[in-house]
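# have a look at this prediction, sequence included:
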Amino acid sequence: MFKKVLIANRGEIAVRIVRACRELGIDTVAVYSEADRQALHVRYADEAYLLGPAPSRESYLRADKIIDIARQCGADAVHPGYGFLAERDDFAAACADAGIAFIGPKASSIAAMGDKAEARATVIKAGVPVVPGTEDVGNMSDEELLSKASLIGFPLLIKATAGGGGKGMREVESQEEMPALLQSARREAESSFGDGNVYLEKLIEGARHIEFQIMADTHGNVIHLGERECSLQRRHQKLLEEAPSSALDDELREKMGTVAVKAAHAVDYVNAGTIEFLLDKDNNFYFLEMNTRLQVEHPVTEMVTGIDIVKEQIRVARGRTLSYKQEDVRFNGHAIECRINAEDPYNNFMPSTGRITHSLLPTGPGVRVDTGVYPGFEITPFYDPMIAKLIVWGETRAQAILRMRRALEEYRVVGVMTNIPFHQTLMDSHRFMGGQYDTRFVEERFSMQEAGENGEKNDEIAAILATLVAHRETELSATIVNRNERDTSNWKWVGRWERMHR
Amino acid sequence: MFKKVLIANRGEIAVRIVRACRELGIDTVAVYSEADRQALHVRYADEAYLLGPAPSRESYLRADKIIDIARQCGADAVHPGYGFLAERDDFAAACADAGIAFIGPKASSIAAMGDKAEARATVIKAGVPVVPGTEDVGNMSDEELLSKASLIGFPLLIKATAGGGGKGMREVESQEEMPALLQSARREAESSFGDGNVYLEKLIEGARHIEFQIMADTHGNVIHLGERECSLQRRHQKLLEEAPSSALDDELREKMGTVAVKAAHAVDYVNAGTIEFLLDKDNNFYFLEMNTRLQVEHPVTEMVTGIDIVKEQIRVARGRTLSYKQEDVRFNGHAIECRINAEDPYNNFMPSTGRITHSLLPTGPGVRVDTGVYPGFEITPFYDPMIAKLIVWGETRAQAILRMRRALEEYRVVGVMTNIPFHQTLMDSHRFMGGQYDTRFVEERFSMQEAGENGEKNDEIAAILATLVAHRETELSATIVNRNERDTSNWKWVGRWERMHR
Amino acid sequence: MKYITTVEGRQFVVEIVDEKHINVDGKTYEIDFETVSGQPVYSLIVDGRSHESYVYQGDDNWQVLLRGRLYPVTVEDEREKRLRAAAGGGVVQAGEFHLRAPMPGLVVAIPVTEGQEIRKGQVILILESMKMQNELKAPRDGTIGRIRVKAGESVEQKQTLLSVV
Amino acid sequence: MKYITTVEGRQFVVEIVDEKHINVDGKTYEIDFETVSGQPVYSLIVDGRSHESYVYQGDDNWQVLLRGRLYPVTVEDEREKRLRAAAGGGVVQAGEFHLRAPMPGLVVAIPVTEGQEIRKGQVILILESMKMQNELKAPRDGTIGRIRVKAGESVEQKQTLLSVV
């Protein structure tokens, strides 16, 4: 087994990887930016090295520095997590050149799947169905794209060639609005991936986003661990994922799983990866893209299969054969993951920054929380707003939903706004309970306000609470007029009073 | 289903029951003592009523008040948890008389099993093997006991007739020391159960403490959910439990399980219960006692079977038939529970009280924490010292141990001393890893010091840390000589400085 | 002490009788009200019902987060109420509006120019933070006044970006 | 600033060079030392090795809890060291010892009487707390002095129960 693994990431996923290494008896090396000195992955790791200033370009994207550190500290492998350098084939190659194992696919597979246009071409050859769109390999001018658009037909999607996570993605209703949207798409793609290339894809309406988890070893074995339902998105950002999907039956699952495995074979894939499909109302499915890395939502698959995906990643990266054959993979119960973001659900999901002053995690049976934050930690504007993943397991989907409700109600975070109320409202929505939703549901058919109407209202209690707090504050502020008369007990009050105003 | 359940308990188990009710859509009613106004079960429940002053006798043992509250708030069931009123047949009867469902066995079963001496007599009739001892029903004088002692032979155990959890239990090596030990046993029994009666039992040496989880419904169905290994004890207090036990193979498991079910039938048992056995080196097993309630360590069984025991308790109390048949019960992987107590492992496990100022819970895959405390909560001397249960699941026992090590290392509690270091040392002990231990292991063959020698030492880092802290404190105390010159920022320092001296 | 408290248009007269009692619209309740962990998290027991809420100050009101629902609440004592009534009351729609940065970030684009007429809801600035592009919209119709930042500039939280007159 | 630091008999000379450097027995290390969440929990990075520890004050030393192991550490600056040396050093065995309650609880029994000769380790008082009976033992041989409490009495933490002379 590896002796020492460097984790080229931050936040909850870095912590997740530290845990997997610990449980395999492997030493861990954290890297961190100036903003993350107190981050949990730094606190938990055996070694920690500073990369540079807070902005990603000067820290977590500094491939060169990271490889130097790995060399100097004698790490024999690097785990990239997701985001940052996870899908940069040049980084994977550089690790290999430095004689350091990259815990992920071969550089060539990342390149093949990383360029979305090339990926489409590759899987089409392998006989995998894709969404109609521009088949040409990247680099198209606005003019070319505008002309192609009419052939594909509207509505359509502009997507970043180097893209992922909806960045640089725009939806186009008509020829007229397309030029402006091309601009903003290229701009976002440029700032996110340093590559402004985009391509077009027909928009499948009423579609679900279904993805399959792939595990492959270096001996040619490729299996899938079933699907994840990821249709609940906002601005192409996933908000909630489930396994299994209420849209699939065993037959369709096997059919799509087989195609997913075929797509992975097409780029002779190794390690963990995810094949994303669009599934339309008539159960036609189209290859969307492959994420050549560990996925944010991998825990829902772990909960229903009992397989530790990160540990398995490390094993196969070491050259071991997969611990499971396809027939060993059994699905048990239902799992749901809510992404807890530092953002204000009552103000257009505006990101929220600040210091977490208090937090109470939901625990108990069937509840798992993956997080990189804790009370006293500062949420900065430099990285993505996800501060935790709340995952629950239940014998049935209904039980999982009831458990998630219970867990969300227990979860307390003070210091930043979170989208917990959004998830609570979602849990109460009848369409979600019925499993009847597509990728448009959140944006087009869900509103915090309307949905709220279903839940019981409690104006009077709210009035009483606000009045009591207002009253108390008036009294407190009164007690601190004369500073000189303060004694210790007063300071405590003041401290509290100041916190209340943070 | 029930509409409203009153939870006649406190701490982690009250929270556990609130969760089960929530997930079944049942309203919850908490009761609390003056010391528990801010306890988690009060914060989480839908309703909360004050019982009285902190001491149990004036609060959680006030059966009369609790039943009045249940009546007045319209609760249609009461869950007693464990301890307090859980094994008081008069309380179960009183609930029935008040037309409130008691979520547990019939009063008659509690009575039959509650009097340890009678219980022995009952199961003997049913053909269940028991440890040799005084067969007579309680109420024996010291003289009678002393005379019986020589017939049973030494070493032997004095046990409280009304007992449980090792309270009022004493081990006797010889006739000489017996009178004194009888005194202290009766004294402790009196103060714990208001009943000073004791009986004698032969001491089985090198024995393991193995218990079976029973679930029974009102329709005569009784099943077992497998065993729990509870041999790791100190002063007859369980410290760590596992499922399954490394001492059992499938054949022995089935044999003991069948006997356990037979013992439950003997008192036509209903709801959840536990049959405790002693298992000697030659795999002979003896009925010890039946705990006619939910057990502290029930989560390890939940982790390996996937069955929510508390929800099932509520269902069968409502008159439903069991959701599972014996053949539906499957065991998957291995689970371990560490009881996290507020006590000082470096000072004879002396209880530790105080306010928890900081806490960081271990989370992530396969980790579950059941707790009733949080940062800001005060640990008082009135109730038992268990502040949390840390439970992990692994595909194998080895993986469970590695995961528990990881979780214990992550767990931070500041404000009270905990026995976390004890568990960490235990996880490193070779005999524990080998699964080779009996009920005497912790007291006779385990020492924090010796065991520690295995682990790596780090004197130099400890020296550096202590020096840096001492240095910082000297500087800080210097900054606060002149009180009048303080400004806000200073107050913060002072607050911190004061906390550091708590 | 008497307060006039308004929740989404609904008005309550709340009187703090003493530590353990309040009166709402003439009905008296027994209450037990405590702060949890010295945080703006409050535990309130009213006649046996246990409620926990995160209560914090909004720009001009109180925000009460209760069971996954946010209640905007205004609390005024009688004096304040009278004063506002005298002042003609109601929230003032006119006057200059200053667009402030809701969080630290990078100004990506400013699709408007000084003096330009704008509509309520129109995007007037794009701010990038946490790797997301956030579109800041006009709160009402008006004209763009002074623009204090330019594209490519990093801004602090609450920094004034531009004004709408 | 120079300190003489002793861990279980092992002595280290630790010099605080500056914010980022210390010198231990002549060897200089680069360090990054921070407290976490304003708690006595410390994060220390020494030449890349990351350590986290709970450090608190014992009666006459520092207790360092590091990776599940407790290190009792004494830290003295040179002046203190010299003073102690002059005073003859070593922990004083003689003198009156006051048995204090390690936690609040109920005195269950006092199996000794004033003036009674006792041996080190002998049980001199039984205190019930958290439903457990805790036997408090004599720290050394001696004679029971004044007994300040009686069975059945509730006592506060740190309250003096009796003395051993």
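Happy to help now that I have it.

# contacts, neighbours, all on C-alpha from now
Fine.

# which strand or helix spans A:T474?
Here A:T474, judged by DSSP states H and E, is contained in helix A:459-479.

# what residues sit buried inside that helix?
Of all the residues in helix A:459-479, those buried under the rule 16 or more other Cα atoms under 10 Å in any protein chain shown are A:459-471, A:476.

# redo these as CSV? Include distance to chain D and pLDDT.
What follows is the buried residues of helix A:459-479, written out as CSV (distance: Cα to the nearest Cα, whole Å; pLDDT from 0 to 100):
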residue, distance to chain D, pLDDT
A:D459, 36, 94
A:E460, 37, 95
A:I461, 33, 96
A:A462, 31, 96
A:A463, 34, 96
A:I464, 33, 96
A:L465, 29, 97
A:A466, 29, 96
A:T467, 31, 96
A:L468, 29, 96
A:V469, 26, 95
A:A470, 28, 93
A:H471, 30, 92
A:L476, 24, 68
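
# quick one, what contacts C:I144?
C:112-118, C:162-165 (Cα atoms under 8 Å, 6 or more residues apart in numbering or on different chains).

# and the pLDDT for A:D438?
pLDDT for A:D438: 92.

# distance of it from chain D?
A:D438 sits 42 Å away from chain D, going by Cα to the nearest Cα, to the nearest Å.

# what about the closest residue to that residue other than its chain neighbours, how many residues nearby?
Spatial nearest neighbour of A:D438, excluding adjacent residues (Cα to Cα, 6 or more residues apart in numbering or on different chains): A:R208 at 4.8 Å. In terms of burial, A:R208 registers 26 neighbours under the definition other Cα atoms under 10 Å in any protein chain shown.

# for A:R208, what are its contacts?
A:R208 is in contact with A:229-231, A:278-280, A:437-439, counting by Cα under 8 Å, 6+ apart.

# and if we set it to 7 Å?
Going by Cα atoms under 7 Å, 6 or more residues apart in numbering or on different chains, A:R208 touches A:231, A:278-280, A:438-439.

# mind listing the helices for chain C?
Listed in chain order, the helices of chain C (DSSP state H) span C:78-86.

# worst-scoring helix or strand of it, pLDDT-wise?
When the helices and strands of chain C are scored by mean pLDDT, DSSP states H and E, helix C:78-86 comes last with a mean of 70.

# hang on, isn't C:S53 packed against C:G68?
No. C:S53 lies out of contact with C:G68 (Cα atoms under 7 Å); the separation is 9.4 Å.

# which of the two has more neighbours?
Comparing C:S53 with C:G68 by other Cα under 10 Å, the one with more neighbours is C:S53, at 25 against 20.

# quickly list what that one is bridged to.
C:Y42, C:L66 (DSSP bridges).

# ok, back up a step: ok, the residue nearest to A:D438 to A:T161 distance?
22 Å (Cα to Cα, to the nearest Å).

# just C:A101 next, same as before
In terms of Cα to Cα, C:A101 sits 31 Å off from A:T161.

# what about these two, which has more around it?
Legend: neighbour count by other Cα under 10 Å for C:A101 and A:T161, higher for A:T161 (26 against 20).

# next one: that one from chain C, what distance?
According to Cα to the nearest Cα, A:T161 and chain C sit 18 Å apart.

# is it true that that residue touches A:G194?
No. Applying Cα under 7 Å as the test, A:T161 and A:G194 come out as separate, 11.1 Å apart.

# spatially central residue in chain C, please.
Nearest to the mean C-alpha position of chain C, by Cα atoms, centre = their mean, lies C:G58 at 3.3 Å.

# near chain A, which residues of chain C?
By the rule Cα under 7 Å from any Cα of the partner chain, the part of chain C lying against chain A is C:5-7, C:38-40, C:55, C:62, C:64, C:67-69, C:71, C:73, C:75, C:103-105, C:129-131.

# so which of the contacts of C:I144 is the most crowded?
C:V164 (24 neighbours).

# for that residue, give me the pLDDT.
For C:V164, the predicted pLDDT is 86.

# OK, contacts around it?
Taking Cα under 7 Å, 6+ apart, we find C:V164 in contact with C:96-98, C:142-145.

# against A:V172, how distant is the nearest residue to it once chain neighbours are set aside?
Leaving aside its sequence neighbours, C:V164 sits nearest to C:I144 (Cα to Cα, 6+ apart; 4.6 Å). When distance is defined by Cα to Cα, C:I144 is 28 Å away from A:V172.

# cross the contacts of C:V164 against strands and list the overlap.
Counting by DSSP state E, the contacts of C:V164 place C:97-98, C:142-145 in strands.

# tell me the one of those residues nearest chain D?
Using Cα to the nearest Cα, C:H98 comes nearest to chain D of the ones in strands among the contacts of C:V164, at 35.6 Å.

# my read is that A:E302 contacts A:D308, right?
Yes. Using Cα under 7 Å, A:E302 is in contact with A:D308, at 5.8 Å.

# related to what we said a few turns ago, would you format the contacts of C:V164 as JSON lines with distance to A:I314 included?
Listed next are these as JSON lines, based on distance: Cα to Cα, whole Å:
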{"residue": "C:E96", "distance to A:I314": "59"}
{"residue": "C:F97", "distance to A:I314": "55"}
{"residue": "C:H98", "distance to A:I314": "53"}
{"residue": "C:G142", "distance to A:I314": "59"}
{"residue": "C:T143", "distance to A:I314": "59"}
{"residue": "C:I144", "distance to A:I314": "56"}
{"residue": "C:G145", "distance to A:I314": "58"}
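
# which of those residues count as buried?
Among the contacts of C:V164, those classed as buried by 16+ other Cα under 10 Å are C:97-98, C:142-145.
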